[in-house]
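*Asks:* attaching a predicted model along with its sequence, questions to come.
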Amino acid sequence: MSGQGSTQTVIDSLEFARTGQTLRGSLPLPGLARLKDSLVDALGMVEFEVTGGHDARRRPILTLAIHGMLRLQCQRCLGALEHPLRVLNTMLLVTAGESAAGGLDEEDAEWIEASGTLDVATLVEDEIMLSLPYAPRHEEGSCRHVGTAAADGAAASAFGKLAVLKRNSN
Ligand SMILES: [Zn+2]
């Protein structure tokens, strides 16, 4: 095993939790295919740390921390927007039988199916996708080209169409 992407990210999740292991690594953004569409450019890396353990009820859990800097597209000015990524999540590991039987409590907000071949890279990407703002924007007043914003442009062209329709109906 050598070269790019050689970080071993596939774990046996239940064994990982039982023995309290920790896996740290970094993933190059260009390798996260599903995330790419949300980014202005896919340069850089995200760092992650996943730790196995148990919750207060002795159930197996994984704790996942992700850090990095993403460049999203501002939905107001379409410029690049620096988005500091900070995810910290605890997930309960459940077997297929448990999830089907509905043996989960209301407060068990996050859980994933236990797997002998859980790919942490996929999990990291899932969590990043879930953490992204639906419509990222610069703070009010800090867009670079106010007035040429996509929303303004769309509104202007809609009014333009109305004006044309009006003229035609006369
Ligand atoms: Zn902006």
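*Replies:* Arrived safely. Since this is a predicted model, take the numbers as computed values, not measurements.

*Asks:* my read: E82 touches G68, true?
*Replies:* No: in this structure, E82 sits apart from G68 without contact. The criterion is CB atoms under 8 Å, and the distance is 11.0 Å. In this view, the C-beta of every residue, glycine as well, is placed from N, C-alpha and C.

*Asks:* more neighbours: which of these two?
*Replies:* Counted by other CB atoms under 10 Å, E82 and G68 do not tie: G68 has more neighbours, with 19 against 10.

*Asks:* find the nearest non-adjacent residue to that one, please.
*Replies:* Distances taken as CB to CB, 6 or more residues apart in numbering put V46 closest to G68, at 3.4 Å, once the chain neighbours are dropped.

*Asks:* what does the model give the one you found for pLDDT?
*Replies:* With respect to pLDDT, V46 scores 96.

*Asks:* how about the residues of the chain by the ion?
*Replies:* For the chain, the residues found near the ion under the criterion CB under 5 Å from the ion are C74, R76, C77, G79, H138, C143.

*Asks:* now those: which count as buried?
*Replies:* C74, R76, C77, H138, C143 (16 or more other CB atoms under 10 Å).

*Asks:* can you list the neighbours in contact with stretch 126-136?
*Replies:* When contacts are taken as CB atoms under 8 Å, 6 or more residues apart in numbering, the neighbours of stretch 126-136 outside the stretch itself are 32, 34-35, 38, 46, 64, 66, 70, 72-75, 81, 83, 85, 87, 89.

*Asks:* what helix or strand does L78 sit in?
*Replies:* Following DSSP states H and E, there is no helix or strand that holds L78.

*Asks:* count the neighbours of it for me.
*Replies:* If you count neighbours by other CB under 10 Å, L78 ends up with 17.

*Asks:* how long is stretch 69-83 from one end to the other?
*Replies:* With CA to CA, to the nearest Å as the measure, stretch 69-83 spans 6 Å from end to end.
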